[in-house]
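Q: predicted coordinates and the sequence they were generated for:
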Number of protein chains: 2
Amino acid sequence: MSSDGGAANRARPAAETSRAPRRRVGRPPRRDDDPAAERNRWEVLRAAARAFMQHGYASTSIDTVADVLGATKGRVYYYYRSKADLFFDLHRVAMEMNLDAIRPIATGPGSPSERLERMILAHVKLVLDELPLQCVSVQGVQMHLAGSTTPTQRKVLDRLIEARDEYERHFIDVMAEGIVAGEFRDCDPRTLVKPLLGALNWMTIWYRPRPGDTEESRRHIAHEHAAFLMRGLLS
Amino acid sequence: MSSDGGAANRARPAAETSRAPRRRVGRPPRRDDDPAAERNRWEVLRAAARAFMQHGYASTSIDTVADVLGATKGRVYYYYRSKADLFFDLHRVAMEMNLDAIRPIATGPGSPSERLERMILAHVKLVLDELPLQCVSVQGVQMHLAGSTTPTQRKVLDRLIEARDEYERHFIDVMAEGIVAGEFRDCDPRTLVKPLLGALNWMTIWYRPRPGDTEESRRHIAHEHAAFLMRGLLS
DNA sequence: GTCTATACTAGGATAGAC
DNA sequence: GTCTATCCTAGTATAGAC
């Protein structure tokens, strides 16, 4: 997207970055766990995700996010101090969702090949069910490379990269276990995790839900992907 | 990424788009095949590719391109009327390069599986050898989705999408031939071409040449990818 | 909480000197 | 051909009304 967090107004207050909406001076303090506030914040996130999916981070204006939301800038800026803030929080939510889905399978019971197949299917399901969030997640990966961020933002970015690394590591570990167990052929998991996740993440680029989509067509996609990728590893 | 052709100055002259640098009023006409001019134009393209690779299309300013080029805006705008123009021409060059590499293999001699493996290896080689161009090519795919372009640009974009489709079709055709020949298992090439090319295109996102890279490490990457993807199809 | 001004700048594009 | 100077809009972010 492509692209760095860069853009306008670098001169001014250097967009502080944090996960939670912060009270600003002169405003009554808000409980972060206030359910109504949380719901509103969540709606802003969903709108942003859809906007970023359609135009990409750099080309999406806060006005566009507000349009999708059916509101104006003011609402967005009430919950997030900057566009980068918004994106980072979105990325964080997406990564947490992914890890929550994958971690229990990776570290749970079952043979390595069984677990890997379930991880692949879970990842596909995430993409199909939560497309906007997953698109943002993929855009975030690309963003890591373009390092032009403020020091404060960099810290948040680093935490996201860690989460991303943990995600990859779960796949690498299960692949390695499978090789030891003799289920998978002798290959290099550190290298192969890239095309494996790449093949899955690529869905965020070509897949867009259509009126004609059925539960069956989605299952077809999931199974073709899983079979293709599993066979690439099996001995 | 980032992503649509959108941005500033939509109001004004609505950026005409074409492949060749056009003479402007009041300037002496230039031959498109003038070797010196071609070489200069090519240098602008290379600089733009490197800039787009690093920051993404939307976040790259013409000033940045000029910086990479070691010049100023003026030079860039002499060869290209707009940023979108520049990007499209870049994308066109990349697609031509890819098709020139793949087409002869796909339609040439050899068994389907032999040809497919050579196509995969050729594609990997392209990414490793021409990384900036390939990054732009992938960014272009993402751009197609965000349809916000002027009518004139849309026509050029459509031609690029056609090229992209031909590229995919070569892979689909060879996969289908392989199924008929019994070399590949019974699967759905139309669906599987996505993860196959996705796995390869994903390299443009994670691979960046490093000082420690050897010819051997690059061959390792290529062969792991090829083996992984081929085994996913073989019966 | 949300909206309506309003400030301020990065960056696309052009004109014209050289 | 390339550079410098300049124009002008889109878009980030804030202030303050409601």
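A: Yes, it's here.

Q: any bit of the longest helix along chain A sitting next to DNA strand D?
A: Counting residues, the longest helix found in chain A (DSSP state H) is helix A:151-180. No: against DNA strand D, helix A:151-180 shows no contacts by CB under 7 Å from any atom of the strand, the least distance being 10.2 Å. Every C-beta, even on glycine, is put in place using the N, C-alpha and C of the backbone.

Q: now what about the helix or strand just after that helix, what contacts it?
A: Using DSSP states H and E, the next helix or strand after helix A:151-180 towards the C-terminus is helix A:189-201. The contact list for helix A:189-201 (CB atoms under 8 Å, 6 or more residues apart in numbering or on different chains) reads A:120, A:123-124, A:127, A:134, A:138, A:141, A:168, A:171-172, A:175-176, A:179, A:225, A:228-229, A:232-233, B:194-196, B:198-203, B:205-206, B:220-221, B:224-225, B:228-229.

Q: could I have stretch A:217-225 exported to PDB, CA atoms only?
A: Taking C-alpha atoms only, stretch A:217-225 is exported to PDB below (Å, rounded to 0.1, in the frame of the first residue of the first chain):
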ATOM      1  CA  SER A 217     -18.100 -21.900  -3.000                       C
ATOM      2  CA  ARG A 218     -16.300 -20.600   0.000                       C
ATOM      3  CA  ARG A 219     -15.700 -24.200   1.200                       C
ATOM      4  CA  HIS A 220     -14.400 -25.000  -2.200                       C
ATOM      5  CA  ILE A 221     -11.800 -22.200  -2.000                       C
ATOM      6  CA  ALA A 222     -10.700 -23.300   1.500                       C
ATOM      7  CA  HIS A 223     -10.300 -26.900   0.600                       C
ATOM      8  CA  GLU A 224      -8.400 -26.300  -2.600                       C
ATOM      9  CA  HIS A 225      -6.000 -24.100  -0.800                       C
END
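
Q: any residue of it touching chain B?
A: Yes: using CB under 8 Å from any CB of the partner chain, we find that stretch A:217-225 touches chain B at A:His220, A:Ile221, A:Glu224, A:His225.

Q: who wins for neighbours among those?
A: Highest neighbour count within those: A:His225, with 25 neighbours (other CB atoms under 10 Å in any protein chain shown).

Q: hang on, it packs against A:Glu117?
A: No: assessed by CB atoms under 8 Å, A:His225 is found out of contact with A:Glu117, at 10.5 Å.

Q: excluding its backbone neighbours, what's nearest the spatially most central residue of chain A?
A: What sits nearest the mean C-alpha location of chain A, by CA atoms, centre = their mean, is A:Ser137, with 2.5 Å. Nearest residue to A:Ser137, sequence neighbours excluded (CB to CB, 6 or more residues apart in numbering or on different chains): A:Ala94, at 4.1 Å.

Q: make CSV out of the residues of stretch A:217-225 next to chain B and add pLDDT.
A: Listed next are the residues of stretch A:217-225 next to chain B as CSV, based on pLDDT from 0 to 100:
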residue, pLDDT
A:His220, 98
A:Ile221, 98
A:Glu224, 98
A:His225, 98
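
Q: name the nearest of those relative to chain B.
A: A:Glu224 (4.7 Å; CB to the nearest CB).

Q: verify the contact between that closest one and B:Asp186 for me.
A: No: the criterion here is CB under 8 Å, and A:Glu224 misses it with B:Asp186 at 11.2 Å.

Q: how close does the residue in chain A that DNA strand C sits nearest to get to chain B?
A: For chain A and DNA strand C, the shortest gap (CB to the nearest atom of the strand) falls at A:Gly74, measuring 1.9 Å. Distance of A:Gly74 to chain B, computed by CB to the nearest CB, to the nearest Å: 23 Å.

Q: the lowest-mean-pLDDT helix or strand in chain A packs against which elements?
A: In chain A, no helix or strand scores lower on mean pLDDT, DSSP states H and E than helix A:131-145, which sits at a mean of 89. Judged by 3 or more CB pairs under 8 Å, 6 or more residues apart in numbering or on different chains; DSSP states H and E, helix A:131-145 is in contact with helix A:35-55, helix A:83-106, helix A:151-180, helix A:189-201, helix A:203-206, helix B:203-206.

Q: want to throw those helices into TSV with mean pLDDT and mean neighbour count?
A: TSV is the format used below for the helices and strands packed on helix A:131-145 (pLDDT from 0 to 100; neighbours: other CB atoms under 10 Å in any protein chain shown):
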stretch	mean pLDDT	mean neighbour count
helix A:35-55	95	19
helix A:83-106	97	20
helix A:151-180	93	17
helix A:189-201	98	22
helix A:203-206	97	20
helix B:203-206	97	20
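
Q: hang on, the earlier thing: any bit of the longest helix of chain A sitting next to chain B?
A: No: taking CB under 8 Å from any CB as the criterion, helix A:151-180 and chain B are apart, separated by no less than 9.9 Å.

Q: same question for stretch A:109-124.
A: No: in terms of CB under 8 Å from any CB, no part of stretch A:109-124 sits within range of chain B; the closest distance is 10.0 Å.
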